[in-house]
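1. sequence and predicted structure are below.
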Amino acid sequence: MKQSLRQSMSVLHTWSGLIVGWLLFAIFLTGTCAYFQEEITKWMQPELTTHADSDLAAINAVEYLQETAPDAQTWFIGLPDDRKATTRLFWRPGENADPSAPTRAVLDGQGAAAEIRDTQGGFFLYRFHFDLHYMPAILARYLVGIAAMTMLIAIISGVITHKKIFIDFFTLRFGKGQRSWLDAHNMSAVFALPFFLMITYTGLVTLASMYMPFAITANYKSAGDFFQEAFFSPDNASPSGMPAEMAPMSDILRVAAQRWDGAKVGDIRIISPNDENAIVVLRRSTSEAIGDRSPQIILNGVTGALIKASPDQSAALATESFFVGLHAGRYADWGLRWLYFLSGLGGATMIGTGLVLWTNKRALKNQKAGKTPFGFWLVERLNIATLVGLPAGLAVFFLANRLLPLDMENRSDWEINFLFIVWAGAFVWAAGRPARRAWAEMLGLSGGMFLLVPIVNAATTSRNLFVSLGNGDWVFAGFDAAMLFFASAFGYAAFKCLKVKRPAPRPVLNKRAGLPAE
Amino acid sequence: MNVVENTFASLWPWVRRRRMTARIMAAVPGNYVLTALLTACIARLLPAPPADASMTALLLSFLIFPALAIAIFSVRSVVRIWIYIGAAIAAFSVLLFVSLSAGGRL
């Protein structure tokens, strides 16, 4: 029983891909959406139309914080920019603060209080792609890390398995049953192979110290010491207890503008505000360079004088910063951002077609044996529920944003709950129907949900597709157009699924793809 | 003779499953322990400031792990895999122990 390298790689690829496939699909799909998280958030906050002005927002945000939480321990201000429409505030309340009082606020792009619906927007999709939902973030990050490492191994073993993968790239045979699925799997895999390797590896790097803490414990007593040294954070400034008047924010911004030749400020942290020892930490916007660990400066909060600036990164630290930046793509302009998005969709396609291929390859054997093992049944149903049910859930997430009452309690949580209700419902539906019918019905339902998004948007806001096009509002127009695109793609798939007859059983020869007969 | 062959054949799936389990144990937990030790050794021994050495080791660890996993699945003999892994774990443990006892950093 000779086992060749490619055979053992094929086993590795097939099974490692299967066990994490659905989770990876969900991570890829939501992570891909996260490349447009700010645009999605804009769409999900339709009442906001103000033009963003970062400097004005910073000045007004401080004013807001002075009124709302003057005795807080720390203020944090995330500034708006061309992509971000809102100013996001968090604060760590002072010791005497009312524990039930809010510790965050969303202001408009100029730092003025605004009536904005309660939504997490695209930020939820970003968070979900590594923190998942309904579970502790730490547990989720381990699960995601295991899935990502498995993906990295599945990619490498996949390339070894499909020896002729690069030649097969130029082959896409339609309407040939399993052969077409394999072609689609190979083509989506090769199309963005460097992207998949890059995104999986850099994704692991973003949470590296959690997955491989021994690199740090070998040299440091505590991880905190390492982060302090590697990522530059201000020395602990304990408040003196002596109140003092803060330097005006406009002066502080001027120091930053001088330091960074007018580059945008991304966020501002004010530690011990209104205290003699107050310090202000400014971080340059991550949209300014690929590296995600942006330079920072620390200023005296009372005098406004520069205390220190983050040093130039060493090669190792700059490399890590580069990898994280490459993963998050915050630096990317529109062209590159779309390329990221399309590559991400390619990744979801590769995972999805791979999962379908697993069932297709075994369907024939089951047909001959005249019985369906439970494992096969489960994989087939999970495929339907995740590959089609999750996209439907995303569409319903957007619909819920428009349809839930604005004064609803925990409104933003319910938007998210609806996503998972649809996803779980898709599984229940798939479990009770013949597979092929369930595919067609779920595809049709997803298409319908996506079609509803721009329609409901037009019915509930004044910013419908035609108005957006007329105003040159590319975020809204692009979002609605993307929904229509997905609606037609799912609709077409549903149509094909109903129309295509299952090909008559025949032995499948995969000599060209070098697949072992199973 | 026939009896022996039949017995072996009936046992074969069991033997094969055991071998796959042993391989997976090598490729995941065994691999993780080995990667962790190797990563810690790199972090200790790389002639660079500690933060840089730790970061370099961290970035390398995510290449070491998949490379080892692939290697473990490509070597045919499971026994040989475990001998290699055991030897490597022992060697890097000693190296790390010596480095930690010698002090410095930390």
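-> Thanks, I have it. Residues are numbered from 1 along each chain as shown, chains lettered A, B, ... in the order given.

2. based on its surroundings, how many neighbours for A:Glu63?
-> When neighbours are defined as other Cβ atoms under 10 Å in any protein chain shown, A:Glu63 has 13 of them. (Each C-beta comes from the backbone N, C-alpha and C, glycine too.)

3. how much space between the nearest residue to it once chain neighbours are set aside and A:Gly304?
-> Using Cβ to Cβ, 6 or more residues apart in numbering or on different chains and skipping residues adjacent in sequence, the residue nearest A:Glu63 is A:Gly111, 7.6 Å away. For A:Gly111, the distance to A:Gly304 equals 19 Å [Cβ to Cβ, to the nearest Å].

4. show me which of these two is the more surrounded one.
-> The neighbour comparison of A:Gly111 against A:Gly304 (other Cβ under 10 Å) goes to A:Gly111, with 28 against 18.

5. hang on, that one in a helix?
-> No. Read with DSSP: H, G, I helix; E, B strand; the rest coil, A:Gly111 is coil and lies in no helix.

6. so it is in contact with A:Asn60, correct?
-> Yes. Using Cβ atoms under 8 Å, A:Gly111 makes contact with A:Asn60 at a distance of 2.8 Å.

7. shared neighbours, those two?
-> Common neighbours of A:Gly111 and A:Asn60, counting by Cβ atoms under 8 Å, 6 or more residues apart in numbering or on different chains, are A:Thr87.

8. give the contact list for the residue nearest to A:Glu63.
-> A:56-61, A:63-64, A:87.

9. ok, now with 7 Å
-> Contacts for A:Gly111 (Cβ atoms under 7 Å, 6 or more residues apart in numbering or on different chains) come out as A:56-61, A:64, A:87.

10. what's the answer for A:Phe479, then?
-> A:39, A:43.

11. what do you get for A:Trp429?
-> A:438, A:442.

12. with just CA atoms, put the helix or strand hosting it into PDB.
-> Assessed by DSSP states H and E, A:Trp429 sits inside helix A:411-431. Extracted C-alpha coordinates of helix A:411-431, given in PDB (Å, rounded to 0.1, in the frame of the first residue of the first chain):
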ATOM      1  CA  ARG A 411     -31.700  47.900  19.100                       C
ATOM      2  CA  SER A 412     -28.200  47.300  17.800                       C
ATOM      3  CA  ASP A 413     -28.100  43.900  19.500                       C
ATOM      4  CA  TRP A 414     -31.300  42.900  17.700                       C
ATOM      5  CA  GLU A 415     -29.900  43.800  14.300                       C
ATOM      6  CA  ILE A 416     -27.200  41.200  15.100                       C
ATOM      7  CA  ASN A 417     -29.600  38.700  16.600                       C
ATOM      8  CA  PHE A 418     -31.600  38.700  13.400                       C
ATOM      9  CA  LEU A 419     -28.500  37.700  11.400                       C
ATOM     10  CA  PHE A 420     -28.100  34.600  13.500                       C
ATOM     11  CA  ILE A 421     -31.800  33.800  13.600                       C
ATOM     12  CA  VAL A 422     -31.700  33.700   9.800                       C
ATOM     13  CA  TRP A 423     -28.500  31.600   9.800                       C
ATOM     14  CA  ALA A 424     -29.900  29.100  12.300                       C
ATOM     15  CA  GLY A 425     -33.300  29.100  10.500                       C
ATOM     16  CA  ALA A 426     -31.500  28.200   7.300                       C
ATOM     17  CA  PHE A 427     -30.100  25.100   8.900                       C
ATOM     18  CA  VAL A 428     -33.500  24.100  10.300                       C
ATOM     19  CA  TRP A 429     -35.000  24.600   6.900                       C
ATOM     20  CA  ALA A 430     -32.200  22.700   5.100                       C
ATOM     21  CA  ALA A 431     -32.500  19.800   7.600                       C
END
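
13. now that helix: buried residues?
-> Residues of helix A:411-431 classed as buried by neighbour count (16 or more other Cβ atoms under 10 Å in any protein chain shown): A:411-412, A:414-416, A:418-419, A:422-423, A:425-427, A:429-430.

14. make CSV out of the residues you listed and add pLDDT.
-> Below are these laid out as CSV (pLDDT from 0 to 100):
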residue, pLDDT
A:Arg411, 96
A:Ser412, 96
A:Trp414, 98
A:Glu415, 97
A:Ile416, 98
A:Phe418, 98
A:Leu419, 98
A:Val422, 98
A:Trp423, 97
A:Gly425, 97
A:Ala426, 97
A:Phe427, 97
A:Trp429, 96
A:Ala430, 96
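
15. in TSV: the residues you listed, plus distance to A:Gly491.
-> Converted to TSV, the buried residues of helix A:411-431 look like this (distance: Cβ to Cβ, whole Å):
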residue	distance to A:Gly491
A:Arg411	30
A:Ser412	30
A:Trp414	28
A:Glu415	24
A:Ile416	26
A:Phe418	22
A:Leu419	21
A:Val422	17
A:Trp423	20
A:Gly425	20
A:Ala426	17
A:Phe427	22
A:Trp429	18
A:Ala430	19
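
16. need phi/psi at the residue nearest to A:Glu63.
-> Torsion angles at A:Gly111 (phi, psi; degrees, to the nearest 10) stand at phi 80, psi 10.

17. so how far is A:Gly94 from it?
-> A:Gly111 is 22 Å from A:Gly94, by Cβ to Cβ.

18. so what pLDDT did the residue nearest to A:Glu63 get?
-> Listed pLDDT for A:Gly111 reads 93.

19. can you check A:Leu5 too?
-> As predicted, A:Leu5 sits at a pLDDT of 79.

20. could you do A:Ala69 as well?
-> pLDDT at A:Ala69 comes out at 93.

21. and A:Leu382, what element?
-> helix A:374-383.

22. what does A:Ile270 give?
-> strand A:265-271.

23. direction included, what does that strand pair against?
-> Strand A:265-271 has its sheet partners listed here by DSSP bridges as strand A:74-78 (antiparallel), strand A:279-284 (antiparallel).

24. could the ones you listed be laid out in JSON lines, adding mean neighbour count and mean pLDDT?
-> Below are the strands paired with strand A:265-271 laid out as JSON lines (neighbours: other Cβ atoms under 10 Å in any protein chain shown; pLDDT from 0 to 100):
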{"stretch": "strand A:74-78", "mean neighbour count": "21", "mean pLDDT": "96"}
{"stretch": "strand A:279-284", "mean neighbour count": "22", "mean pLDDT": "95"}
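
25. okay, and the helix or strand of chain B with the least pLDDT?
-> helix B:2-25 (a mean of 69; mean pLDDT, DSSP states H and E).

26. and A:Gly370, its phi and psi?
-> Dihedral angles (degrees, to the nearest 10) for A:Gly370: phi 80, psi 20.

27. which SSE is the spatially most central residue of chain B in?
-> Residue closest to the mean C-alpha point of chain B, counted by Cα atoms, centre = their mean, is B:Asn31 at 3.5 Å. Under the criterion of DSSP H and E, B:Asn31 resides in helix B:31-45.

28. roughly how far is the following helix or strand past that helix from the heart of the chain?
-> Next in sequence after helix B:31-45, counting helices and strands by DSSP H and E, comes helix B:50-74. Taking Cα atoms, centre = their mean, to the nearest Å, the mean C-alpha location of helix B:50-74 is offset from the chain mean by 11 Å.
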